[in-house]
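Q: no sequence for this one, just the structure:
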């Protein structure tokens, strides 16, 4: 179940349609606000969250210039501290494309916890590349570290 925020958009004088918004859990390249806005210009930065029983890993990825991507894997006792953005269902498709769907990644519904310990439903992507963990490229790591700074995590 995703946390859905309803909004309305007028597309003409006579027609109004409902836009569903949800939280997107960003932990890699999209943690970087500049990178996220390039893919989803209408996304809104949300807040810092924790994903329990997962760990951040770097795997062989889909981005030719980066060679390696961040992903998450289940790992009991670990946690991933990152952030969420509010995105529309329309823009989730743009995130799908940027993550290499179908084939290189898949969507995953996750339950996160905000700083007050409240559960937050969200969607994210996990890499379907090699399960062999590797080190990220310096270029990729630099972009992710900027995301840490953007959110005050670094």
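A: Received, thanks. Small disclaimer: the values here were computed from a predicted structure and weren't measured.

Q: can you tell me how far residue 93 sits from residue 148?
A: According to C-beta to C-beta, to the nearest Å, residue 93 and residue 148 sit 27 Å apart. C-beta here means a position set from N, CA and C on the backbone, and glycine is covered the same way.

Q: more neighbours: these two, which one.
A: When residue 93 and residue 148 are compared for neighbours, residue 148 comes out ahead with 15 against 12, by other C-beta atoms under 10 Å.

Q: what's opposite the most centrally placed residue in the chain in the beta bridge?
A: Centroid-nearest residue in the chain, with C-alpha atoms, centre = their mean: residue 26, separated by 2.7 Å. Note on residue 26: beta-bridge partners by DSSP bridges are residue 83.

Q: residues in contact with it?
A: By C-beta atoms under 8 Å, 6 or more residues apart in numbering, residue 26 lies in contact with 36, 82, 83, 84, 85, 124, 147.

Q: farthest-apart pair in these, please.
A: Pairwise distances across the contacts of residue 26 peak at 14.2 Å for 124 and 147 (criterion: C-beta to C-beta).

Q: compare neighbour counts for these two and give me the winner.
A: residue 124 (27 against 24).

Q: that one: which element?
A: Mapping residue 124 onto the secondary structure by DSSP states H and E places it in strand 119-127.

Q: quick one: buried residues of stretch 138-154?
A: Counting neighbours by 16 or more other C-beta atoms under 10 Å, one finds that the buried residues in stretch 138-154 are 140, 143, 144, 146, 147, 150, 151.
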